[in-house]
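Undergrad: give the three-dimensional model of this entry:
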Amino acid sequence: MNRPLVVLALDGDPNPAVRKATADGWRPQRSLDVPEEPWDLGAARHLAVASIEHADAAAAALLLAVRGAGLVVFLDPEAPWAGGFLADLDRIAAPVPDTADSGTAMPLSEEQCALLDLLAAGASIASAAASLYVSLRTANRRIADARKALGAASTSEAVVAYSRLRERN
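TA: Modelled structure (predicted):
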């Protein structure tokens, strides 16, 4: 799935990008509202089309992207938060390493998978740790190792990468 992550100048024309995404099955939403369900917005083919005019809107757009949504957004590259937004979006857009070709079906331990399963279901790290009878420190270490193994910059990104990896296997 090749999701659209398009950043345009404030006066840019979104129509070509939106038409192409729509033709590929993406469903445009003219806002940065983050839906509660489904968690994986890539599977739902959610495409946010909006202008990013302040840091809170940039954070909402990044959350959508972490959850797998496509983006067609407008922003002023001179805004003080724009550079950070673009750098974060580049990290999110980086492909997850394909471990299936290396002969390793799942690069994570059973404990890491169990934690990520609970996080994907909406649990916090603390409640997931309690459910698995491990300390919060142990859970955080396992999640950090899972992020590293999946090439993810954040826990949310790791959950999405793990979910997609499980779908492929």
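Undergrad: only C-alpha atoms from now on, for both contacts and neighbour counts.
TA: OK.
Undergrad: contacting residues around residue 124?
TA: With contact set as CA atoms under 8 Å, 6 or more residues apart in numbering, residue 124 has no partners.
Undergrad: sorry, that was for residue 111
TA: So residue 111 contacts residue 142 (CA under 8 Å, 6+ apart).
Undergrad: mind doing that once more with 7 Å?
TA: Contact analysis of residue 111 by CA atoms under 7 Å, 6 or more residues apart in numbering lists nothing.
Undergrad: now do the buried residues in the helix or strand in which it is found.
TA: According to DSSP states H and E, residue 111 maps onto helix 110-120. Neighbour counts over helix 110-120 (16 or more other CA atoms under 10 Å) mark 112-120 as buried.
Undergrad: likewise for stretch 4-13?
TA: Buried, per 16+ other CA under 10 Å, within stretch 4-13: 4-5, 7-8.
Undergrad: give me the subset of those residues lying in helices.
TA: Taking DSSP state H, every one of the buried residues of stretch 4-13 sits outside helices.
Undergrad: relative to residue 150, how far out is residue 22?
TA: Distance of residue 22 to residue 150, computed by CA to CA, to the nearest Å: 29 Å.
Undergrad: out of those two, which sits in the busier spot?
TA: residue 150 (24 against 14; other CA atoms under 10 Å).
Undergrad: ok, now which residue in the chain is the farthest from the centroid?
TA: In the chain, the greatest distance from the average C-alpha position (CA atoms, centre = their mean) is reached by residue 133, at 27.9 Å.
Undergrad: quick check: that residue is in a helix.
TA: No - Residue 133 sits outside any helix when classified using DSSP: H, G, I helix; E, B strand; the rest coil, being coil.
Undergrad: how close does it get to residue 164?
TA: 26 Å.
Undergrad: what's the answer for residue 137, then?
TA: Taken as CA to CA, the span from residue 137 to residue 164 is 26 Å.
Undergrad: which of the two has more residues huddled nearby?
TA: residue 164 (16 against 12).
Undergrad: secondary structure element holding that one?
TA: Going by DSSP H and E, residue 164 is part of helix 155-168.
Undergrad: how far away from the center of its chain is that helix?
TA: Helix 155-168 has its C-alpha centroid displaced from the chain centroid by 9 Å (CA atoms, centre = their mean, to the nearest Å).
Undergrad: give me the residue at the spatial middle of the chain.
TA: Note: the chain centre (CA atoms, centre = their mean) maps to residue 66, 1.7 Å.
Undergrad: what does the pLDDT read for that one?
TA: Among the per-residue scores, residue 66 shows a pLDDT of 85.
Undergrad: what's the closest non-adjacent residue to it?
TA: Closest residue to residue 66 apart from its sequence neighbours, by CA to CA, 6 or more residues apart in numbering: residue 157 at 5.5 Å.
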